[in-house]
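In: Return atomic coordinates for the entry below.
(one chain, ligands or ions: 2)
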Amino acid sequence: MKKTETKSTVLLQHHLKTLKLPTMLAEHEKVAARCATDNMDHLAFLLQLCELELIDRERRAADRRLKSACFPNHKTLDAFDFKAQPSLNKVLITELMRGEYIDKRENILLVGNSGTGKTHVATALGIAACGHGRRVRFFQVTELITQLMEAREERVLMRLRKQLSKLDLLILDELGYVPASKVGSELLFDVISTAYERNSLIVTTNLPFENWTEVLSSERLTGATLDRLTHRCHILEASGESYRLRDAKRRKRPVRSSQSETKTK
Ligand code: ADP
Ligand code: MG
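Out: Ligands and ions are numbered 1, 2, ... in the order given. Down below sits the predicted model:
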């Protein structure tokens, strides 16, 4: 009897491994013991195991989505102080967090000076989208252009484009910090036009629209890019002083006064 039990346990473990059910593999003995104590029937036992596997599978998928999105940091809306940035439309951002804009293939444009929370909000929206099961990828524009140029040189541009077109949401951070070359702008434009038909884009920029020609190297390309980006688009403007600067000033103030008292003499 003991022998059969051991044999069936080993076989069960093998089958669960082959069927790729790691949570069932790890938990079945514990759940079986608990169900026996609670006098639960076989179906209830199986249901509990399946639920555990499903919950864990969804958690693993969410982790994978977050990892492959390559966010620069984990910023959420809970940590965003709207009082410090009253120019940003809190109602609209809270609504966008629900992610319906992705179903409608709408874009989001975050415009404002450096340090006003654009990357923070874009990241929070991206993390929320991952949580809704969307495929997201975050790029700094310069990083994407470099990858596109390298892919072109290595003749793997098609592959990269295909990967990008499979995303639900593409986040392009910091358009406008560094001017792109003619080839770079064209490659970027190509990504934006493809995304325009298939997926949503979030673009953050410090540049007012009239200055986009400076970074996209040609007026024709700038016009065409803006045309695509701003069609079906939510524009969020963050004005005012840099949060970093304000935060640094605020943190310095008390230190300075106490230091000056001790240091002066
Ligand atoms: P931008 O992309 O506009 O240059 P960031 O989003 O990188 O600005 O913001 C700079 C830093 O300040 C980040 O660490 C960000 O989390 C923080 N920050 C900016 N605005 C806020 C805010 N309103 N509430 C909380 N943190 C903020
Ligand atoms: Mg930024």
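
In: residues of the lengthiest helix in the chain that come out buried?
Out: The single longest helix within the chain, with elements called by DSSP state H, is helix 42-69. Using 16 or more other Cβ atoms under 10 Å as the burial criterion, the residues of helix 42-69 that qualify are 45, 48-49, 52-53, 56, 65-66, 69. For the C-beta atoms, the positions are set from N, CA and C on the backbone; glycine is no exception.

In: can you list the residues of the stretch 51-200 of the chain near ligand 1?
Out: Within the stretch 51-200 of the chain, the residues that sit near ligand 1 (Cβ under 6 Å from any ligand atom) are 75, 79-81, 84-85, 112, 114-120.

In: Quickly name whichever of those is closest to Leu21.
Out: Distance to Leu21 across those (Cβ to Cβ) is lowest for Lys75, with 34.7 Å.

In: OK, contacts around that closest one?
Out: Going by Cβ atoms under 8 Å, 6 or more residues apart in numbering, Lys75 touches 119-120, 123-124, 127.

In: Could you report the distance from it to Ser218?
Out: Remark: distance between Lys75 and Ser218 (Cβ to Cβ, to the nearest Å) = 34 Å.

In: elements contacting the longest helix of the chain?
Out: When contacts are defined as 3 or more Cβ pairs under 8 Å, 6 or more residues apart in numbering; DSSP states H and E, helix 42-69 packs onto helix 22-37, helix 118-131, strand 136-140.

In: Tell me what angle it forms with helix 22-37.
Out: 150 degrees (axes from the mean of the first three to the mean of the last three Cα atoms, to 10 degrees).

In: Find out how far helix 42-69 is from the centre of the chain, if you would.
Out: Counting by Cα atoms, centre = their mean, to the nearest Å, helix 42-69 is centred 21 Å from the centre of its parent chain.

In: next structured bit after it?
Out: helix 90-96 (DSSP states H and E).

In: now what about whichever helix or strand comes after that following helix, what contacts it?
Out: As assigned by DSSP H and E, the chain's next helix or strand after helix 90-96 is helix 100-103. Residues from elsewhere that reach helix 100-103 (Cβ under 8 Å, 6+ apart): 107-108, 129, 132, 134, 168-169, 199-200, 234.

In: mind listing what's buried in helix 100-103?
Out: Quick answer for helix 100-103 (16+ other Cβ under 10 Å): 101-102.

In: Following the chain onward from it, which element is next?
Out: With DSSP H and E, the next secondary element past helix 100-103 is strand 107-112.
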